[in-house]
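1. quick one: sequence and predicted model below, then my questions.
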Amino acid sequence: MLTVAVLISGTGSNLRALLDAAAVPGFPARVVVVGADREADGFAHAEEFGIPTVLVPFREFETREHWGAELRRQIDVWTPDLIVLSGLMRLLPADLVDAWAPALINTHPAFLPEFPGAHGVRDALAAGVTETGASVIIVDGGVDTGPILAQERIPILPGDTEHTLHERIKPVERRLLIEVVRAIATGEIDLASSAARTDAP
């Protein structure tokens, strides 16, 4: 059984989808802890499912590195096999990424490497393209530059706004995340091999 830690900042909609999936008999992974960098509404999902929560407020630390060290200390207690960033609106310090990778994954509302960064949906609309997408990646030291584990195209419709487009991307992100977690748990995806192939010259 793959054990998973999920890190959030907000409502935790991806977390909820993963918890629902993990509650189905036969799903090969389970969430063992949910962490956040601030008081997050998504903690309510964890509490509903009886999952322990960890709060490490970013603003209480002098540096990102100090915050990352405490986050690592509190999450590593649970010895998770996989860390999922689920709407964590905070860049992890490099030493924490190095410590957890490649068992550190994230979703992104674009067809990477197109439109990386915090405003992927807005940037796709501003570019005037006819389609965007959703991706699940291994987190590395860059901004949405890690190895791609799964992705899917999503059309941009006439009249789409940032809100309407993002609302159509979210269900795809959730489905891809669940599929990737399942594939990691069953061995269909080997994270070390995926990272090594991408790092090869």
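-> Yes, it's here. Keep in mind that this is a model prediction, so the values were computed, not measured.
2. dump the residue contacts of H108.
-> By Cβ atoms under 8 Å, 6 or more residues apart in numbering, the residues touching H108 are P116, G120, A134, S135, V136, I137, D144, E173. Every C-beta, even on glycine, is put in place using the N, C-alpha and C of the backbone.
3. relative to P93, which of the residues you listed is nearest.
-> Closest approach to P93 among these (Cβ to Cβ): D144, at 16.8 Å.
4. need the strands for the protein, in chain order.
-> 2-8, 29-36, 53-55, 82-85, 104-108, 131-138, 148-155 (DSSP state E).
5. what pairs with the last one, parallel or antiparallel?
-> So the one you mean is strand 148-155. Looking at strand 148-155 with DSSP bridges, its partner strands are strand 131-138 (antiparallel).
6. pull out the buried residues from the partner strand.
-> T132, G133, A134, S135, V136, I137, I138 (16 or more other Cβ atoms under 10 Å).
7. quick check: W100 touching D81?
-> No - here W100 lies out of contact with D81, judged by Cβ atoms under 8 Å, at a distance of 10.9 Å.
8. looking at these two, which has the bigger crowd around it?
-> W100 (20 against 15; other Cβ atoms under 10 Å).
9. can you pull the contacts of that one?
-> Per Cβ under 8 Å, 6+ apart, neighbours of W100: R72, I83, L92, V139.
10. and stretch 71-82, how far out from the chain middle?
-> 16 Å (Cα atoms, centre = their mean, to the nearest Å).
11. and for stretch 136-144?
-> 10 Å.
12. and T198, what's its pLDDT?
-> On pLDDT, T198 comes in at 58.
13. what comes up buried for the helix or strand bottoming out on mean pLDDT in the chain?
-> The helix or strand of the chain with the lowest confidence, counting by mean pLDDT, DSSP states H and E, is helix 191-199 at a mean of 80. Neighbour-count burial for helix 191-199, counted by 16+ other Cβ under 10 Å, picks out L191, S194, A195.
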